[in-house]
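> Output the structure for:
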Amino acid sequence: MNELRRRRIWSRAIAACILAAIGAVVWLVINPELSGLGGTHKDWFVHVTAENLVEYSEQIVLARYVDEAVHEIPNPRRDPAVVQSHTDVYRRFEVVESLKGDFEPDDDVYVGWSAGYSRVDPLTELRQFIPRVVTPLAQGEIYGLFLNLSHARSRHPDDPETRIWETPRGLQVALVVERGRFAFLTDQLYRNALRDMDLKPAGRLGTPFELTIDGVRRLVASGSGGFDQEGR
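This next block holds a predicted model:
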């Protein structure tokens with residue numbers, strides 16, 4: 001009798017583990033950004049050359065990180081099956097030098113990152129927040145910013161006249177390291193895409209290519225770093 005009971009308990013434990021594993025897999029499929037498994041080079045454009053990055057950046061600046069603010073932006077749609085609100089971090093930088101574009105030194109530039117979103121869980125009907133990783137920055141540090149206008153939420157919620165810029169998907173900001181080289185802070189999506197393409201970051205630069213401040217200047221001056229508005 002005891003042996004039969006032990007077998008039943010063991011069977012239930014195995015079944016519980018299997019159900020938990022299935023639940024975890026389903027959760028990762030629904031929320032791939034939490035595991036870093038979602039998105040590859042098949043789904044989005046990945047910058048793997050310096051020429052493409054410079055060409056498709058509308059603005060390239062060296063800028064000092066000043067401060068940031070977090071804003072929750074309600075979704076105008078009230079359908080409970082969709083995202084209820086977006087939480088964004090808007091960071092303010094002070095331009096030190098413009099390498100491409102029309103920013104001037106001392107201009108303020110606002111760059112936005114998604115910090116997550118809120119939705120209603122279809123099973124519990126409870127509101128839940130799905131976070132996204134936003135790389136911390138050091139106040140007063142000078143970073144390289146490769147920028148395009150944010151088309152999703154392009155205006156600052158506190159000031160509609162202020163435009164919000166964004167960095168290329170996967171590439172957040174760049175540290176300026178020895179000899180003026182850019183060391184990019186990348187996210188897991190970018191690293192996964194490089195792996196899928198059999199590419200590796202060049203040392204600690206974060207990208208499979210090397211790019212320097214002088215290199216950006218040369219590409220822009222040669223015209224290969226130009227930006228074709230009609231070609232996008």
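
> Where do the strands of the chain begin and end?
Here the chain has its strands, by DSSP state E, at 59-74, 85-100, 108-120, 127-131, 142-149, 155-156, 159-166, 171-176, 182-186.

> The fourth one packs against which elements?
Just to be clear, that refers to strand 127-131. Under the contact criterion of 3 or more C-beta pairs under 8 Å, 6 or more residues apart in numbering; DSSP states H and E, strand 127-131 touches strand 108-120. C-beta coordinates here come from the backbone N, C-alpha and C atoms, glycine included.

> one step back: for the strands of the chain, give me a markdown table that also has mean neighbour count.
Shown next, in a markdown table, are the strands of the chain (neighbours: other C-beta atoms under 10 Å):
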| stretch | mean neighbour count |
| --- | --- |
| strand 59-74 | 17 |
| strand 85-100 | 19 |
| strand 108-120 | 18 |
| strand 127-131 | 12 |
| strand 142-149 | 21 |
| strand 155-156 | 16 |
| strand 159-166 | 14 |
| strand 171-176 | 21 |
| strand 182-186 | 21 |
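
> and those, which one is worst for confidence?
Per-stretch mean pLDDT for the strands of the chain is lowest at strand 155-156 (a mean of 82).

> Contacts for it, please.
Outside strand 155-156, the residues within contact range by C-beta atoms under 8 Å, 6 or more residues apart in numbering are 90, 110, 161-164.

> how about those, which pair is most distant?
Tyr90 and Glu161 (14.1 Å; C-beta to C-beta).

> What separation is there between the closest residue to Arg91 other than its chain neighbours and Ser98?
With sequence-adjacent residues excluded and distances taken as C-beta to C-beta, 6 or more residues apart in numbering, Arg91 is closest to Glu68, at 4.2 Å. Going from Glu68 to Ser98 by C-beta to C-beta, to the nearest Å gives 22 Å.

> What of Asp67?
From Asp67 to Ser98 the distance is 21 Å (C-beta to C-beta).

> can you redo the contacts of strand 155-156 as a markdown table with distance to Pro76?
Formatted as a markdown table, the contacts of strand 155-156 follow (distance: C-beta to C-beta, whole Å):
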| residue | distance to Pro76 |
| --- | --- |
| Tyr90 | 20 |
| Tyr110 | 22 |
| Glu161 | 21 |
| Thr162 | 21 |
| Arg163 | 21 |
| Ile164 | 18 |
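
> Okay then, goodbye and thanks.
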